[in-house]
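**Q** Attaching a predicted model along with its sequence, questions to come.
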Amino acid sequence: MDRWFSVSGLATGLIRPGDAIADLLIAAAPRPGGMCGGDCIVVAESAVATAEGRIVGLDGVKPTPAARDLAGRYTMDPRMVEIILQESDAVVGGMPGFLLCRAHGTLLPNAGVDASNAPPGCVVLLPADPEASAAGIRDAIRASAGVEVAVIVADSRPHPMRPGCAGIALGCAGLAAVRDGRAVADNIASAAELVMGEAGEGIPAAIVRWRGP
């Protein structure tokens, strides 16, 4: 059997807090056929976090002295720094505009706190438990569409000394994240990033489909 591989963006439109994200993904799946068993659904962490209500308004944040100190050192909004500190296990360094944090089991710029895909005056946090989010979306797709898929909650990251970003998997369900030394989930997330857009484009997810030995 020949191997083949395809990636298709899912145009869900704007995701809002409280949305049933699995239903939006199912409705956006290409027709005819929609989602099929064995597909991998990659969803941007910002879309998942927004649906889960992980949005914080900056006006209600009171920076601590530690946040003000770091904000002055790295030219940042003290309110955003305060949120970053709350989301971090530790701050290990920084540069103007960014703190390098240990959070969610890895090193993350600004602990994943993002203003680029947020409503004005707000920031979006990472999903509280990306693995649980992926599993919940997978279960909801199974219940609504009757198909077994894998789900990856993905983000994008720069690499040191290289321009541009590549995808990483923050959480996954229904597939092995690493196999034979290969970062399978990260590689799939990177492929999906080629067709996924920012919030204004309304393409926060993709179907990655492959067949063959």
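**A** Ah, there it is.

**Q** how about the helices in this structure?
**A** 21-28, 45-51, 65-74, 78-87, 130-145, 184-193 (DSSP state H).

**Q** What are the contacting residues of the longest one?
**A** Contacts with helix 130-145, where a contact means Cβ atoms under 8 Å, 6 or more residues apart in numbering, come from 20-23, 25-26, 34-35, 41, 43, 45, 48, 52, 104, 127, 147-153, 170-174. C-betas here are computed from N, CA, C, even on glycine.

**Q** In strands, which of these fall?
**A** Of the positions in those, 41, 43, 150, 151, 152, 153, 170, 171, 172, 173 sit in strands, assigned by DSSP state E.

**Q** And for the second one, nearest residue in space, chain neighbours not counted?
**A** If you skip the residues right next to it in sequence, residue 43 has residue 205 as its closest partner in space, 4.5 Å away by Cβ to Cβ, 6 or more residues apart in numbering.

**Q** buried sites along the helix-or-strand element of the chain with minimal mean pLDDT?
**A** Least confident helix or strand, the chain: strand 106-109 with a mean of 86, by mean pLDDT, DSSP states H and E. Going by neighbour count (16 or more other Cβ atoms under 10 Å), the buried part of strand 106-109 is 108, 109.

**Q** can you give me how far that strand is from the chain middle?
**A** Centroid separation for strand 106-109 versus its chain: 13 Å, with Cα atoms, centre = their mean, to the nearest Å.

**Q** Partner strands of that strand, with direction?
**A** As defined by DSSP bridges, the strand partners of strand 106-109 come to strand 98-103 (antiparallel).

**Q** could you give me the average pLDDT of the strand it pairs with?
**A** Averaged over strand 98-103, pLDDT sits at 92.
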